[in-house]
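Visitor: Quick one, what's the 3D model for this:
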Amino acid sequence: MRPWRRTWLPLALAWPWGGCGGAEPHAAAQTSAPAPADPSIVTLPEGSPMLERIVTAAVALHAMPSDEVSTPAQVEIEPSRHARVLLPAPGRISEVRVKLGDRVAAGDVVATLDSPDADAAIAALRQAEADIAAATAALEKAERDVERVRDLFEHGAVAKKEVINADAALAQARAEQSRARAVRQQASRRLQLLGLDPRRDQQTIAVRAPIAGKVLRLDVAPDEYRTDTAEALMEIADLSVLVVAADVAENVIRLIEVGEPVQIELVAFPGEVFDAKVVRIADEVDPETRTIEVHMELPNPEGRFRPAMFGRVRHGHSAVERVAVPPQSLVRKDERDLVVVELARGRYEVRAVTIEARSGDLVAIDGVAVGERVVTDGAVLLVPQ
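Guide: I've put the predicted structure just below:
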């Protein structure tokens, strides 16, 4: 019986280990479970229509200014190219010859006016001419009187007093003629300003455009009677050249000088950069904002720009090489700036970067290397929401 016991014991002891050996595949399965996917990696399957919408470009170094002024700005009308059309005299508006948005040349008749001042101005000129005629006749008589009295005085027919009186009368006649001529000149000037012909009666006054430009505002209609000559009938502006006004911080105003070129970006035209020139730097600092107003001249030959458009002024000096990408490569999410880097076709990495500078249509960033390819169009489609 002992031999049998020696044989059974190893088998009995071996049985539990056989059971453990059967559990080993299950434990191995648990240890080899797939790791959770990296949320920064985005994969598109081959044939995905999104692949056709993704555009990439290689990251490169670009020369960008190290000292740059970047500040909000607004387009404005050049003051010397803006005019308010006023009435030269009170009266009734007989005709309005322009509409809102019309282009006019300097001197064009934009409205006509029936005014009693027209008749009064013509009458004043005619009265002045009559006064000159009377003064001239009186002067001629005074000159003859002086000659006659002096001749009598030389022959002892009159006293010295008569000569003195005749000379005084002559001086007064000359002064009266000068006064009448001055009144006529003033009346003639008044007619010239009103654009009236002194030879005609019952005339309307032509209201003319003081400058060439576009009718931006129209506040008059026919048959209105206007007595306030300080109230504008319309506003005309030449928009071929505009001004971009910006408040530049005091600590960077040294970077801008009159005559320097600057770049303008407008909200209305994203991705475009326009050239302007600094024409004025204010002489005072705003004590509340600590800024200085700067005006830049912006050519507008095609009429694309309009007053009150918002934008940004950029101006830099010494350039340095920076890693830069187009601004459309960046996606803002959760207060972070992200780019999408192409690892392989259909495989992308969403990567956080730091913006170091902006200039024109480039953004200098830290977080990508030269040669890596970033998505320049369609990046927002690959960033997890």
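
Visitor: any idea how far the closest residue to Leu51 other than its chain neighbours lies from Pro384?
Guide: Using Cβ to Cβ, 6 or more residues apart in numbering and skipping the chain neighbours, the partner closest in space to Leu51 is Leu44 (5.7 Å). All C-beta atoms are positioned from the backbone trio N, CA, C, and that covers glycine. To Pro384, Leu44 is 13 Å away according to Cβ to Cβ, to the nearest Å.

Visitor: Let me see the backbone angles for the residue nearest to Leu51.
Guide: phi -110, psi 130 (degrees, to the nearest 10).

Visitor: residues in contact with it?
Guide: Residues counted as contacts of Leu44 (Cβ atoms under 8 Å, 6 or more residues apart in numbering) are 50-51, 54, 346-348.

Visitor: What distance do you get for Asp145 to Ala168?
Guide: 11 Å.

Visitor: Neighbour count for these two, which is higher?
Guide: Asp145 (17 against 12; other Cβ atoms under 10 Å).

Visitor: Nearest spatial neighbour of that one, chain-adjacent residues omitted?
Guide: Here the residue nearest Asp145, using Cβ to Cβ, 6+ apart, is Ala166, at 5.0 Å.

Visitor: what's the helix or strand for the one you found?
Guide: helix 160-194 (DSSP states H and E).

Visitor: got it, and Ala134?
Guide: helix 116-154.

Visitor: same question for that helix, mean pLDDT?
Guide: For helix 116-154, the mean pLDDT works out to 91.

Visitor: That one - contacts with which helices or strands?
Guide: For helix 116-154, the packing partners by 3 or more Cβ pairs under 8 Å, 6 or more residues apart in numbering; DSSP states H and E come out as strand 91-96, helix 160-194.

Visitor: Now distance to Arg226 and mean pLDDT too, for these, in TSV please.
Guide: Shown next, in TSV, are the helices and strands packed on helix 116-154 (distance: least, Cβ to Cβ, whole Å; pLDDT from 0 to 100):
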stretch	distance to Arg226	mean pLDDT
strand 91-96	7	94
helix 160-194	15	92
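
Visitor: looking at these, which is buried most?
Guide: Mean neighbour count (mean count of other Cβ atoms under 10 Å) peaks for strand 91-96 among the helices and strands packed on helix 116-154, with a mean of 17.

Visitor: That one to helix 116-154, inter-axis angle?
Guide: Using axes from the mean of the first three to the mean of the last three Cα atoms, to 10 degrees, the direction of strand 91-96 lies 120 degrees away from that of helix 116-154.

Visitor: Go ahead and name everything in contact with the next helix-or-strand element following strand 91-96.
Guide: Proceeding N to C from strand 91-96, the next assigned helix or strand is strand 103-104, under DSSP H and E. Residues from elsewhere that reach strand 103-104 (Cβ under 8 Å, 6+ apart): 98, 110, 209, 212-215, 236.

Visitor: Out of those, flag the one nearest to Glu224.
Guide: Val110 (14.3 Å; Cβ to Cβ).

Visitor: ok, which stretches of this protein are helices?
Guide: With helices called from DSSP state H, the chain shows them at 2-31, 116-154, 160-194, 379-382.

Visitor: helices or strands next to the third one in the packing?
Guide: In this case it means helix 160-194. helix 116-154.

Visitor: center of the protein - which residue?
Guide: Relative to the mean C-alpha position of the chain, the nearest C-alpha, by Cα atoms, centre = their mean, is the one of Val75, at 1.1 Å.

Visitor: partners of it in the sheet?
Guide: Val244 (DSSP bridges).

Visitor: wait, what's in contact with it?
Guide: Val75 touches 242-244, 266, 298, 305-311, counting by Cβ under 8 Å, 6+ apart.

Visitor: do Asp167 as well
Guide: Contacts of Asp167 by Cβ under 8 Å, 6+ apart are Val146.

Visitor: Roughly how far does it sit from Gln177?
Guide: Taking Cβ to Cβ, one finds Asp167 at 16 Å from Gln177.

Visitor: what does Pro65 give?
Guide: From Pro65 to Gln177 the distance is 73 Å (Cβ to Cβ).

Visitor: Show me what the longest strand along the chain is packed against.
Guide: Longest strand of the chain, by residue count under DSSP state E: strand 347-359. Packing partners of strand 347-359 (3+ Cβ pairs under 8 Å, 6+ apart): strand 41-43, strand 60-65, strand 68-77, strand 310-316, strand 319-325, strand 336-344, strand 362-366.

Visitor: Those: which one's closest to Asp131?
Guide: strand 68-77 (47.0 Å).

Visitor: tell me the angle of the closest one relative to strand 347-359?
Guide: Using the same axes, to 10 degrees, strand 68-77 lies at 70 degrees relative to strand 347-359.

Visitor: what's in contact with stretch 316-332?
Guide: So stretch 316-332 is contacted by 57, 59-69, 255, 271, 337-340, 353, 355-359, 361-366, 368-370, 374-377, 379-380, 383 (Cβ under 8 Å, 6+ apart).

Visitor: gap between the residue nearest to Asp145 and Arg179?
Guide: In terms of Cβ to Cβ, Ala166 sits 21 Å off from Arg179.

Visitor: what does Arg314 give?
Guide: 65 Å.
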